[in-house]
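[1] No sequence on hand, only this structure:
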């Protein structure tokens with residue numbers, strides 16, 4: 001078999017010189033490479049080597065493994081990664097070998113610039129790598145599970161939380177609760193600021209006449225009257241079958257009198273938004289007979305949130321652009337696909353100004369540039385705010 005097979009397009013080749021490897025290790029290396037994720041294709045090249053000595057002619061066989069693979073960036077299969085995988089496979093076979101284990105792979109390049117891997121003897125013996133057995137993995141899993149259970153017990157079980165001083169003692173909680181329940185809440189009304197000078201105690205005025213006056217009773221009768229003691233009659237403040245007139249006091253609220261009202265309805269009427277006046281300036285510019293630009297500038301006299309406009313022309317137009325110099329102006333654009341001649345339309349909606357809310361202020365100007373192959377005229381204009389339309393007053397002027 002030839003030493004180097006014919007390579008396919010985008011195919012790479014790595015040559016392994018098996019001098020110094022036992023035939024059993026060479027077979028194990030072929031099986032290991034076949035199971036790699038690089039999908040190696042391994043070819044065996046053998047060459048008969050004859051060496052002549054004065055009294056003896058020696059015939060030997062030199063074995064090479066030609067490893068072919070392809071680069072696939074989507075699967076992270078690179079040339080460097082493939083060479084690294086081949087070197088790792090040789091290291092793995094030598095670790096498990098029962099023959100000459102004191103060797104290691106060495107990477108160089110041949111005359112064609114392809115990687116050439118040989119093996120050389122180490123100055124110190126290779127140490128045996130012990131792989132993890134099933135018992136080792138099981139013991140590690142049990143240890144990790146125990147640690148997780150201990151952490152959960154510390155965080156959840158009350159006894160563990162008290163042991164690690166994560167919770168306050170119950171006695172402290174009870175003492176605090178008793179103090180709070182025994183301390184009455186006293187609300188002291190705000191008193192007006194007075195002078196700091198000590199005031200004399202107010203003298204109690206003495207009655208001029210110390211003799212008691214004779215007590216008299218007053219009896220009042222009648223309808224719809226208010227009197228003092230022992231009132232008799234109907235519809236009076238007090239007395240038989242009398243009721244107190246309803247009084248409703250509701251500062252900054254809603255006063256309802258005349259009985260109990262279940263589920264009252266309150267109508268909060270919001271004043272309508274002002275009708276904005278939008279001034280539009282339409283200009284045309286044409287570089288030649290095959291191209292034209294329609295430039296429209298929009299100015300408003302009041303604030304408009306999330307404004308949108310639909311422009312209708314009398315001929316086909318291209319995809320327009322919208323800007324607000326010197327501000328950052330984000331927008332979305334489309335066409336009136338559900339109407340006739342959508343190629344004659346251009347729609348745009350303001351989505352953000354200066355990376356903030358789409359608030360269009362009176363001192364900002366929106367500039368719209370709509371290209372067309374031939375000169376066209378604006379024949380219709382629709383506007384709105386948010387998801388709904390909005391009445392606007394349009395003034396076409398370039399002053």
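    The structure has been received and is ready for your questions. Bear in mind that the values here come from a model prediction, so they are computed numbers and not experimental data. Numbering: from 1, shown residues only.
[2] average pLDDT for the helix or strand harbouring residue 62?
    Assigned by DSSP states H and E, residue 62 belongs to strand 57-70. Here strand 57-70 scores 73 as its mean pLDDT.
[3] What residues of whichever helix or strand comes after it count as buried?
    For strand 57-70, the following helix or strand on the C-terminal side (DSSP H and E) is helix 79-96. Applying a neighbour-count criterion of 16 or more other CB atoms under 10 Å, the buried positions in helix 79-96 are 82, 83, 85, 86, 87, 89, 90, 93, 94. Yep, even glycine has a C-beta here, placed from its N, CA and C like the rest.
[4] Which strands or helices does helix 79-96 pack on?
    The contact analysis (3 or more CB pairs under 8 Å, 6 or more residues apart in numbering; DSSP states H and E) places helix 79-96 against strand 11-17, helix 23-34, strand 103-109, strand 115-121.
[5] mind putting the ones you listed in a markdown table, distance to residue 142, mean pLDDT and mean neighbour count included?
    Conversion of the helices and strands packed on helix 79-96 to a markdown table gives the following (distance: least, CB to CB, whole Å; pLDDT from 0 to 100; neighbours: other CB atoms under 10 Å):
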| stretch | distance to residue 142 | mean pLDDT | mean neighbour count |
| --- | --- | --- | --- |
| strand 11-17 | 42 | 87 | 19 |
| helix 23-34 | 32 | 89 | 16 |
| strand 103-109 | 37 | 88 | 14 |
| strand 115-121 | 41 | 88 | 16 |
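[6] what sits against residue 358?
    Applying CB atoms under 8 Å, 6 or more residues apart in numbering, one finds that residue 358 lies in contact with 305, 306, 307, 330, 350, 351, 352.
[7] ranges for the helices of the protein?
    23-34, 79-96, 134-156, 158-163, 170-182 (DSSP state H).
[8] Residue 102: which of those helices is closest?
    helix 79-96 (8.7 Å; CB to CB).
[9] tilt between that closest one and strand 115-121?
    Note on geometry: by axes from the mean of the first three to the mean of the last three CA atoms, to 10 degrees, helix 79-96 and strand 115-121 are set 30 degrees apart in direction.
[10] of the buried residues of helix 79-96, closest to residue 380?
    Within the buried residues of helix 79-96, proximity to residue 380 (CB to CB) peaks at residue 82, which comes in at 65.0 Å.
[11] Kindly provide the distance from the closest one to residue 313.
    Separation of residue 82 from residue 313 (CB to CB, to the nearest Å) stands at 60 Å.
[12] Could you do residue 302 as well?
    With distances defined as CB to CB, the gap from residue 302 to residue 313 amounts to 27 Å.
[13] Looking only at neighbour counts, state which of those two leads.
    The residue with more neighbours, out of residue 302 and residue 313 and counting by other CB atoms under 10 Å, is residue 313; that gives 19 against 14.
[14] State the pLDDT value of that one.
    In the prediction, the pLDDT value recorded for residue 313 is 96.
[15] Burial check on the residue nearest to it when sequence neighbours are not counted, number of neighbours?
    With sequence-adjacent residues excluded and distances taken as CB to CB, 6 or more residues apart in numbering, residue 313 is closest to residue 376, at 4.3 Å. Applying the criterion other CB under 10 Å, we find 18 residues in the vicinity of residue 376.
[16] what's the answer for residue 39, then?
    14.
[17] ok, now how distant is the closest residue to residue 294 other than its chain neighbours from residue 381?
    Distance criterion CB to CB, 6+ apart; nearest residue to residue 294, sequence neighbours excluded, is residue 370 at 4.6 Å. In this structure, residue 370 and residue 381 are 12 Å apart, going by CB to CB.
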